[in-house]
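1. Any chance you can model this:
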Amino acid sequence: MNWQKMVLNRQLCWTVMALFCFFSLLPPNAEAFLAQSRLSSGEVLSERATQLAVIQGALEHKIVAQRLQDYGMSKAEVVAKLDTLSEEQLHQLATLSGDVGGGVIGGVIGVLVIILLVVVILRISDRRIVIQ
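-> Here you go, the predicted model:
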């Protein structure tokens with residue numbers, strides 16, 4: 001009975017309650033980071049790889065391939081130039097390349113993307129267009 005009296009002591013209960021409240025108000029340490037995207041196969045997806053896939057998908061369209069051929073660029077040269085693009089240029093091309101080939105608005109945007117893509121690739125490869 002003596003231990004019940006000690007456990008149920010009012011002063012001890014209030015002290016434990018006060019300490020519990022004090023420690024429960026202290027914020028815990030939290031650490032977080034951005035997790036990389038992964039496929040179900042475990043392959044890590046980087047933003048650059050995703051953007052390259054979007055641009056290469058746009059390069060598969062016949063219109064884009066034909067325009068680049070008209071300016072004397074082979075597909076191998078274009079792919080080689082894609083590796084030298086900066087992150088900003090790659091993001092811009094990927095954003096614009098995503099809409100190639102969809103509807104009337106997609107057609108207009110597609111033409112603009114094709115022109116932008118051709119100009120950027122020609123600028124990177126130091127080729128000039130001569131109109132006679």
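2. Where does the prediction get shaky in this structure?
-> Scanning the chain for pLDDT under 70 picks out 1-7, 35-46, 98-107, 127-130, 132.
3. so where's the longest helix in it?
-> Under DSSP state H, the helix in the chain containing the largest number of residues is helix 103-124.
4. quick one: that helix to chain centroid distance?
-> 21 Å (Cα atoms, centre = their mean, to the nearest Å).
5. before we move on, what about stretch 83-94?
-> 12 Å.
6. Output that stretch as PDB - backbone C-alpha positions only.
-> The C-alpha coordinates for stretch 83-94 follow below in PDB (Å, rounded to 0.1, in the frame of the first residue of the first chain):
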ATOM      1  CA  ASP A  83      24.400  16.400 -75.300                       C
ATOM      2  CA  THR A  84      26.100  19.800 -75.400                       C
ATOM      3  CA  LEU A  85      23.000  21.800 -74.500                       C
ATOM      4  CA  SER A  86      22.900  23.600 -71.200                       C
ATOM      5  CA  GLU A  87      20.200  22.800 -68.600                       C
ATOM      6  CA  GLU A  88      18.300  26.000 -69.500                       C
ATOM      7  CA  GLN A  89      18.400  25.300 -73.200                       C
ATOM      8  CA  LEU A  90      17.400  21.700 -72.700                       C
ATOM      9  CA  HIS A  91      14.500  22.700 -70.500                       C
ATOM     10  CA  GLN A  92      13.300  25.300 -73.000                       C
ATOM     11  CA  LEU A  93      13.400  22.800 -75.900                       C
ATOM     12  CA  ALA A  94      11.700  20.100 -73.900                       C
END
